[in-house]
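# From the sequence below, what's the structure:
(2 chains)
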Number of protein chains: 2
Amino acid sequence: MLPVAVDAMGGDNAPGAIIDGARLAVAAGIPVVLVGRPEVLAELAPDFDHIDASEVIAMGDEPGSAVRTKKDSSLVRAAEAVRDGHASAMVSAGNTGATMASALLRMGRIKGFSRPAIATPLPVLGADRPNILLDSGANAEVQAEMLAQFARMGAIYARDRYGVTRPRVGLLSIGEEAGKGSPLVKEAYALLAEPGWQEVLDVEFVGNVEGRDLLGDAADVIVTDGFTGNVALKTAEGAAKMIVGALLEAFGSSDQARQGADLLAPALLPLYAQMDPDTVGGAMLLGVRGVCMISHGSSSPTAVLNAVTAARDLVTADMVDHLTAAATV
Amino acid sequence: MLPVAVDAMGGDNAPGAIIDGARLAVAAGIPVVLVGRPEVLAELAPDFDHIDASEVIAMGDEPGSAVRTKKDSSLVRAAEAVRDGHASAMVSAGNTGATMASALLRMGRIKGFSRPAIATPLPVLGADRPNILLDSGANAEVQAEMLAQFARMGAIYARDRYGVTRPRVGLLSIGEEAGKGSPLVKEAYALLAEPGWQEVLDVEFVGNVEGRDLLGDAADVIVTDGFTGNVALKTAEGAAKMIVGALLEAFGSSDQARQGADLLAPALLPLYAQMDPDTVGGAMLLGVRGVCMISHGSSSPTAVLNAVTAARDLVTADMVDHLTAAATV
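Numbering: from 1, shown residues only, chains lettered A, B, ... in the order given. Take a look at the predicted model:
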């Protein structure tokens, strides 16, 4: 298989943690090509294949103009490598907006999908796989048809990445009954309730779901606009962080508490690991003509390994072909 | 002071838990009048003043038609008691939509506020008071002017209920910079950034905030549309519930874990109490010409006591007068 193109320059811990992660991937048998400044790669990663890119898009750069002006950036070159058949997929922990823009402009979108969407895995404690939320931030405004497209994308992704045989798709709203929600949601509901696409794609539309269902068992794939999805994702992350922070403080608040925490550690560590962003893995840009993994900015080597592994799995599963077929159902 | 009208018939645990809560309020020195079926009140609460109402709006009733057709319901009669000067405020743990509709139709709205909004307290672990989120579900679609109105309402509420001297108001968006978000949010940002209202109301607009800030220290009042607000609220509740549930399971997973949990209990109980919906208190309908507390459906007697206490405090603070003055700033 073609190597996975990894943007060595993107992310808070780049290039060190990215290269370390790429090395873990190679050790696991996945071919990787690093994209970045030649002098950096020559020094830190002489053992890797390189794609040279003289520029770097910074985390704070405005995505659209950065991609237009920094044509020799590692992000743009990584996307071009996929387009030109030199890489099977791309992975970046850099500027999310610029990753989207690079992938969209260089790979192009899949015909039938109006706009790409970001699909984010949401850990469900106690379950063996996460739920999928999309769009979690690419499109602040959408039309109902786009929500119906996101449903198709998300269902294919859930099957190809997590092996969900008959994905249950829910529409995020503010009440479970069909008539609840904004006019946009009601219109999308009508489109999603049509039996045709569900039968062809072997998907079940389970109707409206609510915020509490994001981390629950009501649906495998939850569809919403990028504004609501981004707010919900960051709300869930913020709530988890606040509770975990308060717990850790309580654990260290006295000798007795410390003793209790030590006794509880074996039971708590698996929960902690399940909520660790490095374990959950990165987000996925769906709707472009290639596999594009968006790893979080603070990615560790383990997070990079997980993202590269997911990219390889989705290439092997022919996800882009499945998406292309689903786009016209 | 005039008594607080308590809807004895609304809520999952009505009338028992509601009457018990009203009794706690009376014991705390707050006058209460119970609204409900005369035969029920005569039997269960002979020691209270009553307002008779022969009908009950059920939790599942469609709010608009229920309020129109059940004119002698406890909810409608409670709102009328406030309007007619027989009660100082109303409290219900019943059908939220019908509570809103009753208050809006019977009390009327404050001139200058286009639509009422639901303000919900969000517990911030370790802080001495919650953040306020509004609108958390009354209006699935809003205009930018309404978000600016919600900001005024929320600021007055934060001051009158929680003593925040100079409330910091944030606008919920998907990025902190001024240009981030949907067209609606950008338009609202421009309105909120105007200095005039901030000076007159002694408020600070802190710009955009994100989902993670709902439970953080970036703002005291967070303004959004009722769709996003409801999703965010239920997402935060769902995340908290999932984590607490997983913790409790881990605590009981072995003898060693149980022993650890016993040692930790003194440090954890305050956190647990702070997250308890009964402690946090109910939501508040802002923008109507009266004080209307919306207690959650599963309210315990303590939750009812807290809601009645909050209602009394807001009456004493002249919140409705303050809102009326703020509506035209």
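
# going forward, measure contacts between C-alpha atoms and count neighbours the same way
Noted.

# Count the neighbours of the residue nearest to A:Ala144 when sequence neighbours are not counted for me.
Nearest non-adjacent residue to A:Ala144, counting by C-alpha to C-alpha, 6 or more residues apart in numbering or on different chains: A:Ala188, 4.5 Å away. Residues lying near A:Ala188 (other C-alpha atoms under 10 Å in any protein chain shown) number 21.

# so who does the residue nearest to A:Leu41 when sequence neighbours are not counted touch?
Leaving aside its sequence neighbours, A:Leu41 sits nearest to A:His50 (C-alpha to C-alpha, 6+ apart; 7.3 Å). Shown in contact with A:His50 (C-alpha atoms under 8 Å, 6 or more residues apart in numbering or on different chains): A:33-36, A:38, A:41.

# What of A:Ala219?
Counting by C-alpha under 8 Å, 6+ apart, A:Ala219 has contacts A:131, A:167-170, A:206, A:209, A:213.

# Chain B contacts on the stretch 51-200 of chain A?
A:125-126, A:137, A:140-141, A:172-174, A:181-182 (C-alpha under 8 Å from any C-alpha of the partner chain).

# List just the nearest of those residues to B:Asn230.
A:Ile174 (6.3 Å; C-alpha to C-alpha).

# how much space is there between the closest one and A:Glu237?
20 Å (C-alpha to C-alpha, to the nearest Å).

# With neighbour numbers in mind, choose between those two.
Per other C-alpha under 10 Å, whichever of A:Ile174 and A:Glu237 has more neighbours is A:Ile174, with 24 against 19.

# was I right about the more buried one contacting B:Val231?
Yes. Counting by C-alpha atoms under 8 Å, A:Ile174 does reach B:Val231; the two are 6.4 Å apart.

# which residues do those two both contact?
A:210-211.

# all strands of the stretch 101-250 of chain A, in order?
A:117-122, A:131-134, A:168-172, A:204-209, A:221-223 (DSSP state E, counting those that start in this stretch).

# Name every strand pairing with the first one and say which way it goes.
The reference is to strand A:117-122. strand A:131-134 (antiparallel), strand A:283-286 (antiparallel) (DSSP bridges).

# And for that strand, what's in contact with it?
Residues beyond strand A:117-122 that count as contacts (C-alpha under 8 Å, 6+ apart) turn out to be A:130-139, A:150, A:154, A:214-215, A:226, A:280-287.

# Tell me how far A:Ile156 lies from B:Met107.
Counting by C-alpha to C-alpha, the gap from A:Ile156 to B:Met107 is 51 Å.

# Looking at the strands of the stretch 101-250 of chain A, which is nearest to B:Gly245?
Between B:Gly245 and the strands of the stretch 101-250 of chain A, the tightest spacing by C-alpha to C-alpha is seen for strand A:117-122, at 16.7 Å.

# Off-centre distance for that closest one?
Mean-position distance between strand A:117-122 and its chain equals 5 Å (C-alpha atoms, centre = their mean, to the nearest Å).

# same check, this time on stretch A:218-235
Using C-alpha atoms, centre = their mean, the offset of stretch A:218-235 from its chain centre is 12 Å.

# Save the contacts of A:Ala219 as JSON lines, and put in pLDDT and neighbour count too.
Below are the contacts of A:Ala219 laid out as JSON lines (pLDDT from 0 to 100; neighbours: other C-alpha atoms under 10 Å in any protein chain shown):
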{"residue": "A:Asn131", "pLDDT": "97", "neighbour count": "23"}
{"residue": "A:Pro167", "pLDDT": "98", "neighbour count": "24"}
{"residue": "A:Arg168", "pLDDT": "98", "neighbour count": "23"}
{"residue": "A:Val169", "pLDDT": "98", "neighbour count": "27"}
{"residue": "A:Gly170", "pLDDT": "98", "neighbour count": "27"}
{"residue": "A:Val206", "pLDDT": "98", "neighbour count": "19"}
{"residue": "A:Val209", "pLDDT": "97", "neighbour count": "22"}
{"residue": "A:Asp213", "pLDDT": "97", "neighbour count": "21"}
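
# need the longest helix for chain A.
Criterion DSSP state H: the longest helix present in chain A is helix A:226-251.

# Next, the buried residues of that one.
Buried positions in helix A:226-251, judged by neighbour count with 16 or more other C-alpha atoms under 10 Å in any protein chain shown: A:226-240, A:242-243, A:247, A:250-251.

# now, which of these lie close to chain B?
A:227-228, A:230-240, A:242-243, A:247, A:250-251.

# what residues does stretch A:296-304 touch?
Contacts of stretch A:296-304 (C-alpha under 8 Å, 6+ apart): A:10-13, A:17-22, A:24, A:93-95, A:277-279, A:281-283, A:295.

# Need the buried ones from the residues you listed selected in PyMOL.
A single PyMOL command selects the buried members of these (16+ other C-alpha under 10 Å):
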select buried, chain A and resi 10+11+12+13+17+18+19+20+21+22+24+93+94+95+277+278+281+282+283+295
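
# returning to that earlier point: pLDDT-wise, what's the bottom of the residues of the stretch 51-200 of chain A next to chain B?
Lowest-confidence member of these: A:Gly126, scoring 83 (pLDDT).

# What distance do you get for the spatially closest residue to that residue that is not a sequence neighbour to A:Asp220?
Spatial nearest neighbour of A:Gly126, chain neighbours left out: B:Ala246 (7.6 Å); criterion: C-alpha to C-alpha, 6+ apart. Look at B:Ala246 and A:Asp220: by C-alpha to C-alpha, they are 20 Å apart.

# swap in A:Gln256?
To A:Asp220, A:Gln256 is 41 Å away according to C-alpha to C-alpha.

# These two: who's more crowded?
Set A:Gln256 next to A:Asp220 and count neighbours by other C-alpha under 10 Å: A:Asp220 wins out with 29 against 17.

# Check whether the more buried one really touches A:Arg168, as I assumed.
Yes. Using C-alpha under 8 Å, A:Asp220 is in contact with A:Arg168, at 5.2 Å.
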